[in-house]
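> Let's see this in three dimensions:
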Amino acid sequence: MANVLVIGTGAREHAIAVTFLNSDQVETVFCVPGNSGMQSDGIQTVAISEKDFEKVALFAQQQQIDLVFVGPEAPLADGIVDFLMAKGLRVFGPKQVASKLESDKQFAKEFMKRHQVPTADFASFKDFEHAFSYAQQLSLPIVIKENGLAGGKGVQIVKETNELAPALQDALQKTDQILVEEYLDGEEFSLMLFLGGPEPVILPISQDHKKIYVGGTGPNTGGMGAYSPVPHITDEVIDQVKQMVVTPIMTGLRREKLMYAGTLYIGCMLMNTGVKVIEFNVRLGDPEAQILLPQLESDFYTAITNLIVGKDPQMVWQNQEYYLGTVVVASGYPAMPKQHIALPDLPQNVFYAGVVAENGQLYSVGGRIFTLIAHASSLKEAQKRVNEALEDLNLAGFYYRTDIGFRDIED
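Here you go, the predicted structure:
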């Protein structure tokens, strides 16, 4: 029986750990550092910072860990996979150089250009004057992105001329480099791949909801909910994505010796003219992981260990129901989330994120607190089940969207 170590603290890592626990081959799942809510599912949380690579490696060696699965982007960008592999540990995730596909937006965009991956036109800048001069020549709206990791919140869409200068100044105060991009008008969807085998494994298509308010308005967040599958992303669209997006990406990864055993998340935009790539992430999405991994019917541990050694994992996913998850956040999120709000007793269909236990009571810490999921034969019914479950809880001091999945639900 195997011991597994998951790195991270959030609902994504909770979902990953639970999926490993469902494997007949897994005896114990540890999570570093994890969160207090995970413990109700039998996950053993360990009070070690995910930034302390030396302590993580020592713990893994002492516990005879058979597999390390890295959840979040920050330790990947900092080189945790390189460090742990050098200690002889088996790790699922990209090395630091491949992690630049997420942590360095200019690197990612230039990779796309080299390998003819369709994406928005862009230019990068380190000073206001050149950025402002370039942006003034473009038709509005335009997109301003902070280079580096920003937790899904480092993007501004400028729609009015008087918003341009303040938006550029604000972005340049937060990072050393920004990207100014053409605005893509269409429908976003999340395409995730597991890499390592002879061919990439395509996970079920999902759609995130990044805006804070109902109807997709307000500022960006780390994600307010997701659903899968996505009916308007047809088999024809998926075939196009395989040919025009996945194939050149795989060619580029091999050609540039960036291939790895891990996750590649391709943020896509379906436009009237076809599909373009918005961004890369090198880990599972959050909240998408919470509604994707429960759809897996085959053994997760076997699949991941096969990918690490270059084998075809033969993953089997359910195809009869819709899965939908809503993220509950602390009031004031994303700007200034209220802290230390007592949580009510929650049902079992929850993945915890920003929580801490004090004397047997869970309290909020951070912005996104938990994801509640449901599945049903129709998307509308799945949404209804989630909303009814949330309505039954005392969530004073919290906030959530009630319209997750709205683009594919008819009134």
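
> just the helices in the chain please.
Taking DSSP state H as the test, the helices found in the chain are 11-21, 53-62, 73-77, 80-86, 96-103, 105-114, 128-136, 161-174, 235-241, 247-255, 288-292, 300-308, 379-391.

> Just the C-alphas of the last one, formatted as PDB.
Same thing as helix 379-391. Provided in PDB are the C-alpha atoms of helix 379-391 (Å, rounded to 0.1, in the frame of the first residue of the first chain):
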ATOM      1  CA  LEU A 379     -27.000  21.000 -15.400                       C
ATOM      2  CA  LYS A 380     -30.000  22.900 -14.200                       C
ATOM      3  CA  GLU A 381     -30.700  20.200 -11.600                       C
ATOM      4  CA  ALA A 382     -27.100  20.200 -10.500                       C
ATOM      5  CA  GLN A 383     -27.200  24.000 -10.000                       C
ATOM      6  CA  LYS A 384     -30.500  23.600  -8.100                       C
ATOM      7  CA  ARG A 385     -29.000  21.000  -5.700                       C
ATOM      8  CA  VAL A 386     -26.000  23.200  -5.000                       C
ATOM      9  CA  ASN A 387     -28.100  26.300  -4.400                       C
ATOM     10  CA  GLU A 388     -30.600  24.500  -2.200                       C
ATOM     11  CA  ALA A 389     -27.800  23.000  -0.100                       C
ATOM     12  CA  LEU A 390     -26.300  26.400   0.400                       C
ATOM     13  CA  GLU A 391     -29.600  28.100   1.200                       C
END
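
> Next, the buried residues of that helix.
Taking 16 or more other Cβ atoms under 10 Å as the basis for neighbour counts, the residues of helix 379-391 that come out buried are 379-383, 385-387, 389-390. Every C-beta, even on glycine, is put in place using the N, C-alpha and C of the backbone.

> Quick one: neighbours of S40, just the number.
Under the neighbour criterion other Cβ atoms under 10 Å, S40 is assigned a count of 13.

> Indicate which one of the helices of the chain is closest to S206.
Of all the helices of the chain, helix 288-292 sits nearest to S206, with 4.5 Å by Cβ to Cβ.

> which residues are in contact with the closest one?
Counting by Cβ atoms under 8 Å, 6 or more residues apart in numbering, helix 288-292 makes contact with 11-12, 14-16, 190, 192, 203-204, 206, 208, 223, 226-228, 265, 284, 323-325, 351, 371, 373, all of which sit outside it.

> With stretch 207-218 instead?
Defining contact as Cβ under 8 Å, 6+ apart, one finds that stretch 207-218 is touched by 152, 187-190, 219-228, 230, 233, 285, 287-288, 333-334, 401-407.

> buried set for that stretch?
With burial defined by 16+ other Cβ under 10 Å, the residues of stretch 207-218 counted as buried are 207-212.

> Can you give me the end-to-end span of stretch 166-183?
Using Cα to Cα, to the nearest Å, the end-to-end distance of stretch 166-183 comes to 18 Å.

> so how far is stretch 24-34 off the chain centroid?
20 Å (Cα atoms, centre = their mean, to the nearest Å).

> Correction: the previous question concerned stretch 216-236.
Centroid separation between stretch 216-236 and its chain, computed with Cα atoms, centre = their mean, is 12 Å.

> now stretch 333-346
Taking mean C-alpha positions (Cα atoms, centre = their mean), stretch 333-346 and its chain are 21 Å apart.

> repeat for stretch 59-67
Average the C-alpha atoms of stretch 59-67, do the same for its chain, and the two points are 26 Å apart (Cα atoms, centre = their mean).

> what pLDDT, on average, does that stretch get?
The average of the pLDDT scores along stretch 59-67 is 98.

> in the sheet, who's paired with I266?
Following DSSP bridges, I266 is listed with bridge partners L191, F280.

> before we move on, what about the one 10 residues further on?
On the basis of DSSP bridges, K276 is bridged to M269.

> which ones are touching the residue nearest in space to the middle of the chain?
Closest to where the C-alpha atoms of the chain average out (Cα atoms, centre = their mean) is G285, at 1.6 Å. By Cβ under 8 Å, 6+ apart, G285 lies in contact with 12, 190, 192, 206, 208, 223, 226, 265.

> if we go to 6 Å?
If you count contacts by Cβ atoms under 6 Å, 6 or more residues apart in numbering, G285 has them with 190, 265.

> Next one: it from Q348, what distance?
The span separating G285 from Q348 equals 23 Å under the rule Cβ to Cβ, to the nearest Å.

> With Q64 instead?
Using Cβ to Cβ, one gets 30 Å for the distance from Q64 to Q348.

> Tell me which of the two has more neighbours.
Just comparing Q64 and Q348: by other Cβ under 10 Å the higher neighbour count belongs to Q64, 9 against 6.

> For K87, state which of the buried residues of stretch 207-218 is nearest.
Nearest to K87 among these is D208, at 34.3 Å by Cβ to Cβ.

> Without its sequence neighbours, what residue ends up closest to G93?
Across the structure, with Cβ to Cβ, 6 or more residues apart in numbering as the measure, the residue nearest G93 apart from its sequence neighbours is V70 (3.9 Å).

> okay, now the one you found: neighbour count?
By other Cβ under 10 Å, the burial measure for V70, its neighbour count, is 28.

> what residues are up against it?
Contacts for V70 were tallied using Cβ under 6 Å, 6+ apart; they are 7, 76, 80, 93.

> Now do the same for the first one: its pLDDT.
Okay, so that is I7. For I7, the model assigns a pLDDT of 98.

> likewise the third one?
What the model reports for I80 is a pLDDT of 98.

> and if you look at the last one?
The predicted local confidence for G93 comes out at a pLDDT of 98.

> you'd agree it is up against G79?
No. In terms of Cβ atoms under 6 Å, G93 does not count as a neighbour of G79; the distance is 10.6 Å.

> so what are the domain limits for the chain?
Recorded structural domains for the chain (assignment: automatic domain parsing) are 2-95, 121-182, 185-308, 322-408.

> ok, back up a step: what's the closest of the buried residues of stretch 207-218 to K109?
When these are ranked by distance to K109 (Cβ to Cβ), K210 comes first, at 19.6 Å.

> How about K174: what's its closest non-neighbour residue?
Once flanking residues are discounted, K174 sits nearest to E146: 5.4 Å by Cβ to Cβ, 6+ apart.
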